[in-house]
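Enquirer: Structural data only, the sequence is not supplied:
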């Protein structure tokens, strides 16, 4: 499960959030993810879907932890566990 979430969290753990949520896409290990990033209650919220399977995800990124769901599975891990990705292709950013 972390194999899917860590690319998403790695991309946005330190990126500031724009005033408006923007739909974006990226590819990692042959999978394409569509997502948006918003600010809510002191957290960055990354919500989206893995395009091929339609599996939704919602991640709430705090100062030290990431919590959320992927499909119906609860996830929680520290930002310390997130490693920068060497191979990610940004497909679209608007």
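Expert: Ah, there it is. Predicted, not measured: the structure shown is a model, and the values here were computed from it.
Enquirer: Show me what the mean pLDDT comes to for the strand of greatest length in the chain.
Expert: When the chain is parsed with DSSP state E, its longest strand is strand 31-40. The average pLDDT for strand 31-40 rounds to 88.
Enquirer: Next secondary structure after that strand?
Expert: The helix or strand immediately downstream of strand 31-40 is strand 43-50, counting by DSSP states H and E.
Enquirer: Report the strands that pair with that following strand, each with its relative direction.
Expert: strand 31-40 (antiparallel), strand 55-61 (antiparallel) (DSSP bridges).
Enquirer: how close does residue 79 get to residue 64?
Expert: Taking CB to CB, to the nearest Å as the criterion, residue 79 is separated from residue 64 by 6 Å. For every residue, glycine as well, the C-beta is placed using N, CA and C.
Enquirer: and what of residue 48?
Expert: Here the criterion is CB to CB. By it, residue 48 lies 22 Å from residue 64.
Enquirer: Quick check on those two: which one has the bigger neighbour count.
Expert: residue 48 (20 against 8; other CB atoms under 10 Å).
Enquirer: need the contact list for the closest residue to the more buried one other than its chain neighbours.
Expert: The spatially closest residue to residue 48, leaving aside those adjacent along the chain, is residue 35, at 2.8 Å (CB to CB, 6 or more residues apart in numbering). Counting by CB atoms under 8 Å, 6 or more residues apart in numbering, residue 35 makes contact with 8, 23, 24, 25, 46, 47, 48, 49, 57.
Enquirer: can I get the strands paired with strand 43-50 in a markdown table with distance to residue 70?
Expert: Output for those, formatted as a markdown table (distance: least, CB to CB, whole Å):
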| stretch | distance to residue 70 |
| --- | --- |
| strand 31-40 | 11 |
| strand 55-61 | 4 |
